[in-house]
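> Dropping the sequence and predicted coords here.
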Amino acid sequence: MASPVVLNVNDHVANLYMVSKMLRNAGFTVLEARTGAEALARATEGPKPDLVVLDIRLPDISGFEVCRRLKADPRTRDIKILHTSATFVSTMNKVEGLDAGADGYLTQPFEPLDLVATVRALIRLRAVEVDLQVRNEALLAADRRKDEFLAMLAHELRNPLAAVQMGLPILARFPPHDELEAQTLEIVQRQTGLLVQLVNDLLDVSRVTRGRIELSPEVLDLAALVTRVCDGMRARAMAPREQELAVTVPGAPVRVRADAGRLEQVLTNLLDNASKYSDPGTRIEVTVAVTGGRAAVSVRDAGIGIAPAALPTIFDLFAQEPTSLARSRGGLGIGLTLVKALVELHGGSIHAMSDGLGHGTTFRFDLPLLAGREEAAAKGAEGAEAAKGAEAAKGAEAAKGAEPTPCRVLVVDDNEDGRQMLRALCELDGHEVTEAADGLEAVERVLADRPDIAFVDIGLPEIDGYEVARRVRAQAGRPMRLIALSGYGSAEYRERAFEAGFDDHIAKPITHAQLRGCLAEVVR
């Protein structure tokens, strides 16, 4: 093993010689410099020193300034620096040296044992720091690979999931033959919905860990949103388990500025957890309250509870209570991590409370209420919004019974099952459909068939969906609608889709309602 390298910097010939001799006798490899400029050069050229014994008084640059420059340079900042001086010996001199970045300070004259012991201690410290830095870089690299894996896993899961979800409306065209068939279809629909939620959570948690979650805040009534989400969850999750869901909200609106979709995601995760970890026939309570300028939402269950030792880590990624091999209540341990991140992005906080195993759990999060001026503006806008909503409802009711106008549709996807299911859904509504399995074929089909609308997967062989859109817009113009389908649903991918020429971007799996909405916007 090579001996540590020490750079000895001193313009006094006798002191330079004596310090170098002490260090060499102790087994160190010693380099020498007599000026500050020479010290800076020796630190970056040739063998890199592990430590610099740096005298304060130098003929060109003070030792303090040499220290600052070495610590500011990424190439040399990890080198340990030991200041020495026979003249700058006051406490303030030592403070100035340490403030400049030095790791130690010795005043001359000093004994060889003092010098060697101090140098050895600082070199041991440097070795520990270098090892920690290497480990930290390895952990960061592993963390990046984990985030990339989560994103890729969720993306790859979306392709088969899209085919399954698009196939459900086809199976549901006719009344079931018997109760078993009806029950089976209901179970498949429910479990597919859970899979979609799980995949979405996987994608979102990978965005959270990379700081890529973006909110679309608006003024909303938190009480109304909680009531609506609970109504949906009561039918989807609580009713099959014969659980009671009680909701208590204030009589007046509770206005906050928030992303409605993300808050719904928070509530859905908390309610899913409460239901999953509670026995059939139990009661779950949701309460919305206003206190101290904050809106507070609590979800309380009478389920299995949380051990006191687990409470501090319950929101950590992949954190889970110990479970049996059956894993009848287990999950991936990502939902609460996502919940905490989304609440904090809204300027809120969340806490978990439990009296221990078997005593239920309460999750409580709070959000800032609208300020006085924003609150007044929101009240004024409510009347106009209500009128607009009533008018839109009339239009929707009038259009509900209308038959869809047949369109020429192009479906572009290299996944054959997904392509066939999307084609079948379109044909069920009377549309004329053609297919393409890669990007180049998609461009050819567009130019040859001139469809009214094309659903284009982004990940295609030959050329990707973005390039398909660019070529189509360059050669066929704007009359047709282009809809991007992608396993990635973040704002970054939506923006790329719009820049390429798409009219809309939909994250897989596309629902039957979304499909019909896109087709309804085609103008013949």
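Looks like it arrived, so ask away.

> Put the alpha carbons of stretch 507-518 into PDB.
In PDB, the C-alpha atoms belonging to stretch 507-518 read as follows (Å, rounded to 0.1, in the frame of the first residue of the first chain):
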ATOM      1  CA  ALA A 507     -52.000   8.200 -20.600                       C
ATOM      2  CA  LYS A 508     -52.700   4.500 -21.100                       C
ATOM      3  CA  PRO A 509     -55.000   2.800 -20.500                       C
ATOM      4  CA  ILE A 510     -57.500   4.900 -22.400                       C
ATOM      5  CA  THR A 511     -61.000   4.400 -21.100                       C
ATOM      6  CA  HIS A 512     -64.100   3.900 -23.200                       C
ATOM      7  CA  ALA A 513     -65.400   7.300 -22.100                       C
ATOM      8  CA  GLN A 514     -62.100   9.000 -23.100                       C
ATOM      9  CA  LEU A 515     -62.300   7.300 -26.500                       C
ATOM     10  CA  ARG A 516     -65.800   8.400 -27.100                       C
ATOM     11  CA  GLY A 517     -64.900  12.000 -26.000                       C
ATOM     12  CA  CYS A 518     -62.100  12.100 -28.600                       C
END
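
> Ala224 against Ala252, yeah?
No - contact criterion CB atoms under 8 Å: Ala224 and Ala252 do not qualify, at 11.0 Å. Bear in mind the C-beta positions are built from the backbone N, C-alpha and C, glycine included.

> The two - which one has more neighbours?
Between Ala224 and Ala252, counting by other CB atoms under 10 Å, Ala224 is the more crowded of the two (14 against 9).

> Quick check: closest non-adjacent residue to the more buried one.
Once flanking residues are discounted, Ala224 sits nearest to Pro253: 7.0 Å by CB to CB, 6 or more residues apart in numbering.

> Check the spacing between that neighbour and Ala260 real quick.
14 Å (CB to CB, to the nearest Å).

> So, low pLDDT: which residues of the stretch 351-500 of the chain?
372-404, 477-478, 489-490 (pLDDT under 70).

> which residues in it form strands?
Assigned by DSSP state E, counting those that start in this stretch, the stretch 351-500 of the chain shows strands spanning 361-368, 408-412, 432-436, 453-457, 481-486.

> Within its sheet, name the partner strands of the first one and how each one runs.
What it means is strand 361-368. In the sheet, strand 361-368 lines up against strand 294-301 (antiparallel), strand 349-353 (antiparallel) (DSSP bridges).

> Does the helix or strand hosting Val339 pack against any helices or strands, and if so which?
Using DSSP states H and E, Val339 sits within helix 335-345. Other helices and strands packing on helix 335-345, by 3 or more CB pairs under 8 Å, 6 or more residues apart in numbering; DSSP states H and E, are helix 179-209, helix 260-276, strand 349-353, strand 361-368.

> quick one: which of these has the weakest pLDDT on average?
Mean pLDDT is lowest for helix 179-209 out of the helices and strands packed on helix 335-345, coming in at a mean of 79.

> which of the residues in that helix are buried?
Neighbour counts over helix 179-209 (16 or more other CB atoms under 10 Å) mark 188, 192, 195-196, 198-209 as buried.

> Glu242 against Ile284, yeah?
No - contact criterion CB under 8 Å: Glu242 and Ile284 do not qualify, at 11.9 Å.

> The two: which is more packed in?
Relative neighbour count places Ile284 above the other of Glu242 and Ile284, with 26 against 10, counting by other CB under 10 Å.

> Mind checking what secondary structure the more buried one has?
Following DSSP: H, G, I helix; E, B strand; the rest coil, Ile284 is assigned to strand.

> Surely it and Lys276 touch.
No - assessed by CB under 8 Å, Ile284 is found out of contact with Lys276, at 10.8 Å.

> Roughly how far does Gly335 sit from Leu16?
Distance from Gly335 to Leu16, counting by CB to CB: 65 Å.

> who's more crowded, these two?
With neighbours defined as other CB under 10 Å, Gly335 and Leu16 compare such that Gly335 has more, 23 against 18.

> Give me the nearest residue to the more buried one, chain neighbours excluded.
Of all residues not flanking Gly335 in the chain, Asn269 sits nearest, at 4.4 Å (CB to CB, 6+ apart).
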